[in-house]
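please work out how this folds:
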Amino acid sequence: MRYWSLLLCCLILACKSDKKYHDESPKVLATSEGVQQILDFQADLNVSFKDPETSPLPDRLRKDFEQLDFFAPDTNYVVTATIQRTPESIPFLMSTTTDEKRSERVYAVAHFELNGMQHQLEIYQSAEAHSEDMEDYLFLPFLDHTNGNETYGGGRYIDLRIPDGDSMVIDFNKAYNPYCVYNKKYSCPLVPRQNYLRTNVRAGVKDFVKD
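Next comes the predicted model:
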């Protein structure tokens with residue numbers, strides 16, 4: 001009888017230990033400099049979301065915030081795009097999630113290959129006055145097949161800088177959600193329909209689910 005009691009205890013402990021192991025989040029190891037850069041981006045974004053000075057999260061969500069949900073780093077989503085500058089482009093008013101309009105111009109059109117297909121995306125530059133440290137800032141909003149399922153339905157953004165030449169690296173692992181996903185007080189640009197990628201972009205930040 002004592003033998004069976006001891007065996008039963010061992011089985012219970014084994015099951016508990018196994019459950020704990022599978023509940024732990026797997027840690028991604030940096031296997032290359034590219035993967036390390038992606039991990040650094042994720043870590044910096046998590047720090048920003050935890051900081052009450054920089055977080056878009058309202059206090060009720062930020063107090064329990066641990067980390068954003070990211071796709072695993074994948075350097076296949078780091079592409080080198082050929083850019084076709086559009087210096088004669090006319091500023092236009094980009095719609096947002098509120099009544100606000102933002103004056104933007106098409107800085108360039110990026111051409112690249114992703115998932116075995118050719119794509120192009122418009123890259124935007126603010127047509128309004130901006131600070132000195134933002135003079136070379138470019139804005140890349142995009143939509144893809146994951147929207148409304150794995151990622152936010154309204155698309156995601158990537159921050160870029162003006163390159164020296166006629167090509168630039170676009171890292172879709174650095175795609176993030178508009179701040180209005182986390183807090184409705186923000187006014188977020190709506191992604192133009194011409195920036196729809198007809199493929200799955202399983203990289204960057206996933207959709208935000210409020211518990």
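
can you pull out the helices in this protein?
2-23, 33-50, 59-62 (DSSP state H).

now do the contacts for Pro141.
Taking C-beta atoms under 8 Å, 6 or more residues apart in numbering as the criterion, Pro141 is in contact with 124, 155-158, 189, 191-192, 195. For glycine as for every other residue, the C-beta is placed from the backbone atoms N, C-alpha and C.

and it, what are its bridge partners?
Applying DSSP bridges to Pro141 gives these bridge partners: Tyr157.

and it, how close does it get to Leu39?
Remark: distance between Pro141 and Leu39 (C-beta to C-beta, to the nearest Å) = 24 Å.

in stretch 75-86, what's buried?
Residues of stretch 75-86 classed as buried: 75, 77-79, 81, 83 (neighbour count, 16 or more other C-beta atoms under 10 Å).

please read the previous query as pertaining to stretch 171-190.
Neighbour-count burial for stretch 171-190 [16+ other C-beta under 10 Å]: 171-182, 188-189.

mind checking the end-to-end distance for it?
Terminal residues of stretch 171-190 are spaced 21 Å apart (C-alpha to C-alpha, to the nearest Å).

quick one: mean pLDDT over it.
For stretch 171-190, the mean pLDDT works out to 97.

just give me the closest of the buried residues of stretch 171-190 to Lys210.
Among the buried residues of stretch 171-190, Tyr182 lies closest to Lys210 (C-beta to C-beta), at 8.8 Å.

ok, and the closest non-adjacent residue to that closest one?
Pro56 (4.5 Å; C-beta to C-beta, 6 or more residues apart in numbering).

wait, the one you found touches Cys188, no?
No. Between Pro56 and Cys188 there is no contact under C-beta atoms under 8 Å: 10.0 Å.

find residues that contact each of the two.
Common neighbours of Pro56 and Cys188 (C-beta under 8 Å, 6+ apart) are Tyr179.

mind pulling up the pLDDT for the closest residue to Leu160 other than its chain neighbours?
Ranked by C-beta to C-beta, 6+ apart and with sequence neighbours excluded, the top spatial neighbour of Leu160 is Leu138, at 4.1 Å. With respect to pLDDT, Leu138 scores 97.

my read: Leu138 touches Ile158, true?
No. Taking contacts as C-beta under 8 Å, Leu138 lies outside contact range of Ile158: 9.0 Å.

re the thing from before, what about the residue nearest to Tyr182, distance to His119?
For Pro56, the distance to His119 - C-beta to C-beta - is 29 Å.
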